[in-house]
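Asker: My questions concern the predicted model and sequence given below.
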Amino acid sequence: MAGEPQEDCLFCKIVEGHIPADVVRETETTVAFRDINPQAPTHVLVIPKAHYVNAAELAAGAPEVAADVLREAQAVADEEKLDSYRLVFNTGSGAGQTVWHAHAHILGGRGMQWPPG
């Protein structure tokens, strides 16, 4: 069920403290931690503590938490001293989503190409 922790979800286990992560920020509704396979000098994930499968489900089910994720992304960018960065939400396997818990990737510290992918 949306919003409820899922037993088999890697990110729910991080939120619950069952799996360690390099946490850089935490709020009442979000956790931000470094990606274990970074694609840029700065690669941090911001996730809602509540389980939503993807960004679309998060926006529909908890728009205030979706806004919290975006605010935290900016806070991470500020703390990392990024004057520019890429914010990515992969939604669906065809877009590269591999963990079925909504999350934003903050990528920075190097030039980014367009189009991505």
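Answerer: Looks like it came in fine.
Asker: Skipping its backbone neighbours, what lies nearest residue 29 in space?
Answerer: Excluding its sequence neighbours, the residue lying closest to residue 29 (C-beta to C-beta, 6 or more residues apart in numbering) is residue 68, at 4.6 Å. C-betas here are computed from N, CA, C, even on glycine.
Asker: So what touches stretch 45-55?
Answerer: The contact list for stretch 45-55, computed with C-beta atoms under 8 Å, 6 or more residues apart in numbering, reads 2-6, 9, 11-12, 14-15, 25, 28-35, 58, 61-62, 65-66, 68-69, 72-73, 76, 89, 91-92, 97, 100-106.
Asker: Restricted to strands, list the residues you listed.
Answerer: When the contacts of stretch 45-55 are checked against strands using DSSP state E, the ones located there are 25, 30, 31, 32, 33, 34, 104, 105, 106.
Asker: How about the fifth one, nearest residue that isn't a chain neighbour?
Answerer: By that I understand residue 33. Here the nearest residue to residue 33 in space, its sequence neighbours aside, is residue 21; by C-beta to C-beta, 6+ apart that works out to 3.9 Å.
Asker: and that neighbour, how far is that from residue 11?
Answerer: Using C-beta to C-beta, to the nearest Å, one gets 9 Å for the distance from residue 21 to residue 11.
Asker: ok, residue 113 to residue 35 distance?
Answerer: 19 Å.
Asker: contacting residues for residue 73?
Answerer: Here residue 73 is in contact with 32, 46, 87, 104, 106 (C-beta under 8 Å, 6+ apart).
Asker: Tell me what the second one is bridged to.
Answerer: By that I understand residue 46. Per DSSP bridges, residues listed as beta-bridge partners of residue 46: residue 32, residue 104.
Asker: Let's see the pLDDT reported for it.
Answerer: Looking at residue 46, its pLDDT is 98.
Asker: try the last one
Answerer: You'll see residue 106 listed with a pLDDT of 98.
Asker: count of neighbours near it?
Answerer: Using other C-beta atoms under 10 Å, the number of residues around residue 106 comes to 26.
Asker: C-alpha coordinates for the helix or strand where residue 56 lies, PDB please?
Answerer: In this structure, residue 56 sits in helix 55-61 according to DSSP states H and E. Output of helix 55-61 as PDB, limited to C-alpha atoms (Å, rounded to 0.1, in the frame of the first residue of the first chain):
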ATOM      1  CA  ALA A  55       7.700  10.100  -8.500                       C
ATOM      2  CA  ALA A  56       4.200  10.100 -10.100                       C
ATOM      3  CA  GLU A  57       2.700   8.000  -7.300                       C
ATOM      4  CA  LEU A  58       4.400  10.300  -4.700                       C
ATOM      5  CA  ALA A  59       3.100  13.500  -6.400                       C
ATOM      6  CA  ALA A  60      -0.400  12.100  -6.500                       C
ATOM      7  CA  GLY A  61      -0.500  10.500  -3.100                       C
END
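Asker: Right, I'll call it a day here.
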